[in-house]
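Asks: Sequence and predicted structure below; questions after.
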Amino acid sequence: MTGQKPIPVMEIFGPTIQGEGMVIGRKTMFVRTGGCDYRCRWCDSAFTWDGTGKSKPMVAEDIISKLDTLAAGRFDHVTLSGGNPALHAGIGDLIHKLHAKNIQAAVETQGTIWQDWLTHVDDVTISPKPPSSGMETDWKKLDTFMTKLSPQKTSLKVVIFNEEDYAFAKLVHMRYPHISFFLQVGNDDIHTTDDTTLLTQLRYHYEQLIEKVMLDSTLTNVRVLPQLHTWMWGNKRGV
Ligand SMILES: C[S@@+](CC[C@H](N)C(=O)[O-])C[C@H]1O[C@@H](n2cnc3c(N)ncnc32)[C@H](O)[C@@H]1O
Ligand SMILES: Nc1nc2[nH]cc(C(=O)O)c2c(=O)[nH]1
Ligand code: SF4
Ligand SMILES: [Mg+2]
């Protein structure tokens, strides 16, 4: 169709539970787009940008019909993740068409590329990258995100692997104290298929992070979470 911008889609799956952040536990479908302007050292979805995965160009109608093939009538929430979904202008049309069907849209992005369609998203998670990722935050850019987005629909989520990341998380929270703030345990074993050992490690890291935050007077109105899908299904894709 004319005027429609195709979106490179890596995978569409669900229904499953949102395993992270502000709507953790919410029944949702996932649409994972290809391509990222970052290259985080520990990215658990590197197949979206490192050439090991293959995307398919799809317009909004194609995506909606795939979602319906998987679960018509059994979902009212779709999470757009990646890669960086904010690379793709065509997502605006997808959100509009989902809303017309009374389906909510959530987005996971790192806060590096602005799209006006972000203001129409029901749950926006901005996940600035801590030092362990090897990426650098453009604070001015992040400031513009935070002024444009509605605080009610927005959250910040920082993944923690080490002390430097924890210090970075504090900076983020202190800069935007009015935005819901989440600390997320980093998964440093993204390739293992040994779910039992992985869960033991992740529980240990979660406990350490909880203990730290509980003693911290600058992190009070915050939430500390694991990746619930990783606890349930390990590093499996499409869950
Ligand atoms: C794969 S990213 C895609 C969306 C976007 N590029 C971003 O980073 O926000 C989705 C979420 O997974 C988090 N994530 C990626 N790798 C992780 C890991 N090894 N452990 C914990 N969280 C991770 C990211 O920080 C982000 O919050
Ligand atoms: N269940 C589930 N929850 C998630 N939350 C964020 C995810 C992502 O990869 O962006 C993700 C994912 O891949 N699966
Ligand atoms: S910004 Fe997100 S998708 Fe991109 S490399 Fe980092 S974690 Fe992976
Ligand atoms: Mg993930």
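Replies: Great, that's in hand. Ligands and ions are numbered 1, 2, ... in the order given.

Asks: What residues of the helix or strand that contains His173 count as buried?
Replies: In this structure, His173 is located in helix 163-175 according to DSSP states H and E. Buried residues in helix 163-175, counted by 16 or more other C-beta atoms under 10 Å: 165-166, 168-170, 172-173. C-betas here are computed from N, CA, C, even on glycine.

Asks: same deal with stretch 46-56?
Replies: Residues of stretch 46-56 classed as buried by neighbour count (16+ other C-beta under 10 Å): 46-49, 53, 55.

Asks: What mean pLDDT does it get?
Replies: Stretch 46-56 carries an average pLDDT of 98.

Asks: can you give me the end-to-end distance of it?
Replies: End-to-end span of stretch 46-56 (C-alpha to C-alpha, to the nearest Å): 17 Å.

Asks: how far out from the middle of the chain is that stretch?
Replies: Relative to its chain's centre, stretch 46-56 lies at 17 Å (C-alpha atoms, centre = their mean, to the nearest Å).

Asks: repeat for stretch 148-161
Replies: So, by C-alpha atoms, centre = their mean, the centroid of stretch 148-161 is 10 Å from its chain's centroid.

Asks: Quick one: end-to-end length of it, please.
Replies: Start-to-end, stretch 148-161 (C-alpha to C-alpha) is 29 Å.

Asks: does any bit of the longest strand seen in the chain sit next to ligand 2?
Replies: Secondary structure of the chain per DSSP state E: the longest strand is strand 7-17. Yes: Strand 7-17 reaches ligand 2 (C-beta under 6 Å from any ligand atom) through 16-17.

Asks: Adjacent strands (with direction) for that strand?
Replies: strand 27-33 (antiparallel), strand 56-58 (antiparallel) (DSSP bridges).

Asks: just the helices in the chain please.
Replies: 60-71, 91-100, 139-148, 163-175, 195-214, 228-233 (DSSP state H).

Asks: any chance of those in a markdown table, plus distance to ligand 3?
Replies: Output for the helices of the chain, formatted as a markdown table (distance: least, C-beta to the nearest ligand atom, whole Å):
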| stretch | distance to ligand 3 |
| --- | --- |
| helix 60-71 | 19 |
| helix 91-100 | 15 |
| helix 139-148 | 13 |
| helix 163-175 | 13 |
| helix 195-214 | 17 |
| helix 228-233 | 14 |
